[in-house]
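**Student:** for reference, the sequence and a predicted model appear below.
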Amino acid sequence: MALDESYWAAKEQLVGDEQRLLRALGFEVEVTHPHRYVPEYAAALGLSARAVQVAWCLATDSYLAVGRTLQHPPHAVAAAAVLLGSALCGERAAVPPRRTTPPPPPGYAGEGRQGSGSHAAAVPAAAAAAAAAETATAEWWVALGSTTAQITELSAVLIELIEEGGTGRGHS
C-alpha cells in the first residue's frame, strides 16, 4: 500500500504538535486537574450541590481556553470556578474581582501552570476548610492557596466563555 504526501504531511504535523505540547507541559505528563479541588473548596464554603455542579462544569469548560488556563495551577482554576459557580447560583455575595490590569500577552507563563508541580503549594483539604471557615475577607481564595491576580485572570476567562456560549455542558 502506497502512502501519499498528505499522510506524511499529517504525520509530521502530529509529531510537531505533540512535541510542542510536551514542551509546554515541561515533559510532565501527569497533570492534576482542577476538579480535584472543586468539591473540597465548595464544602469548605458550605455551598449547595447545585453550586458544586455549576463549579464543576465551569472547571470542565476551562479546558476550552486551555491556552490561558493551563498557565495557572489547578487549585486556582478550581477557586475561580467555585467563585463563579456560587455567584451564578446566588449563594454568595462574592463577585469575581474586576481586572485592573490588561490581560497578559499571548504566551505568558504565569506563576505556574497545571501539571507544573505548583499545585503542591495548594493548601491541603483539611487546612483549606479551616482557613476558609475562619477567613473573614471576601478574598477566601487566598486562604485556599490562590492569588487575587490568578482569580482575576481566570474569572475573566470563564466569564468570556460564558458570554461566548462556550459553557453549558452538564448544566441542567
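**Tutor:** That came through fine. These figures come from a predicted structure and were not determined experimentally.

**Student:** so how many other residues sit close to I162?
**Tutor:** Applying other C-beta atoms under 10 Å, we find 14 residues neighbouring I162. C-beta: built from backbone N, CA, C; applies to glycine.

**Student:** please enumerate the strands of this structure.
**Tutor:** For the chain, strands defined by DSSP state E do not occur.

**Student:** where does it have its least confident helix or strand?
**Tutor:** Least confident element among the helices and strands of the chain, by mean pLDDT, DSSP states H and E: helix 125-134 (a mean of 42).

**Student:** count of residues packed around Q53?
**Tutor:** Using other C-beta under 10 Å, Q53 has 18 neighbouring residues.

**Student:** quickly note the distance from it to T60.
**Tutor:** 11 Å (C-beta to C-beta, to the nearest Å).

**Student:** same question for G46.
**Tutor:** Distance from G46 to T60, counting by C-beta to C-beta: 23 Å.

**Student:** neighbour-wise, which of these two wins?
**Tutor:** Higher neighbour count among G46 and T60: T60, with 17 against 13, using other C-beta under 10 Å.

**Student:** do I have it right that that one meets H35?
**Tutor:** Yes: judged on C-beta atoms under 8 Å, T60 makes contact with H35 at a distance of 7.4 Å.

**Student:** give the residues shared as contacts by those two.
**Tutor:** Residues touching both T60 and H35 (C-beta atoms under 8 Å, 6 or more residues apart in numbering): none.

**Student:** got the contact list for L88?
**Tutor:** Counted by C-beta under 8 Å, 6+ apart, L88 has contacts A51, V54.

**Student:** in the chain, which spans are helices?
**Tutor:** 5-24, 38-45, 49-61, 66-69, 74-88, 125-134, 140-143, 148-163 (DSSP state H).

**Student:** reformat those helices as CSV; add distance to V31.
**Tutor:** Output for the helices of the chain, formatted as CSV (distance: least, C-beta to C-beta, whole Å):
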stretch, distance to V31
helix 5-24, 11
helix 38-45, 16
helix 49-61, 13
helix 66-69, 11
helix 74-88, 8
helix 125-134, 19
helix 140-143, 21
helix 148-163, 16
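
**Student:** can you tell me which of these the model trusts least?
**Tutor:** When the helices of the chain are ranked by mean pLDDT, helix 125-134 comes last with a mean of 42.
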